[in-house]
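Colleague: Give me a model of this one.
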Amino acid sequence: MTCTYVRKSTEKDLPAISKIINAGRGFLKEQGINQWQGTYPSQADIKRDIDNGISYVLDIDGKVAGSATLHLGIDPDYLEMEEGEWKNGSEAHYSAIHRVSVSHEYRGQGLAYKLISGLLTISDLLGFKDVRIDTHPKNEGMQHIILASGFTRRGIIRTKAEDDDRYAYQIELQ
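Modeller: Here you go, the predicted structure:
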């Protein structure tokens, strides 16, 4: 039986997370998606998130299979929205899922759904009933995963790290 769960990242996970992010960067480039094609996210970004306790990994039998960040509270990128609006407003009590990436070794196994599901559970346990996420307009694979995870598209936001538009989504937990 395989043991699969989401846990907080530690500094020892940094090399595995960096490898997953870099492979994800290459995968996006192959698809012609201009997401993560600069220096963001850098190893310093990932380490800062680990140090701040907001970095998570999908652990499969002790191996890092995926990673994401769970931002808690107001996200500056989500304060202004074009062509839509957030339910509960831009300054509501919410968490935001960022940088979802699964190792190429595990691609096609539906693990991004498990990672997002785990982060929704963590959000709920931390008292966040409003969860938000965004992705590049050309990243159709991630859009499918987000919608299939129960999110609703709310509009378009602009990221400061990459100075680019993103489709923004939201889910309200019971």
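Colleague: Spell out, range by range, the strands that occur in this structure.
Modeller: Using DSSP state E, the strands found in the chain span residues 4-8, 55-60, 63-72, 94-102, 130-135, 152-159, 164-172.
Colleague: Quick check: nearest residue in space to residue 111, chain neighbours excluded?
Modeller: Closest residue to residue 111 apart from its sequence neighbours, by CB to CB, 6 or more residues apart in numbering: residue 102 at 5.0 Å. C-betas here are computed from N, CA, C, even on glycine.
Colleague: The one you found: neighbour count?
Modeller: Counted with other CB atoms under 10 Å, residues neighbouring residue 102 total 25.
Colleague: That one contacts residue 66, correct?
Modeller: Yes: using CB atoms under 8 Å, residue 102 is in contact with residue 66, at 4.0 Å.
Colleague: Now do the shared contacts for these two.
Modeller: Residues touching both residue 102 and residue 66 (CB atoms under 8 Å, 6 or more residues apart in numbering) are 20, 58, 111-112, 115.
Colleague: Please spell out which residues along stretch 74-81 are buried.
Modeller: For stretch 74-81, burial by neighbour count (16 or more other CB atoms under 10 Å) applies to 75, 77-78, 81.
Colleague: go on, stretch 122-139?
Modeller: 122-123, 128, 130-136, 139.
Colleague: which one among these gets closest to residue 54?
Modeller: Here the nearest of the buried residues of stretch 122-139 to residue 54, counting by CB to CB, is residue 122; it sits at 10.2 Å.
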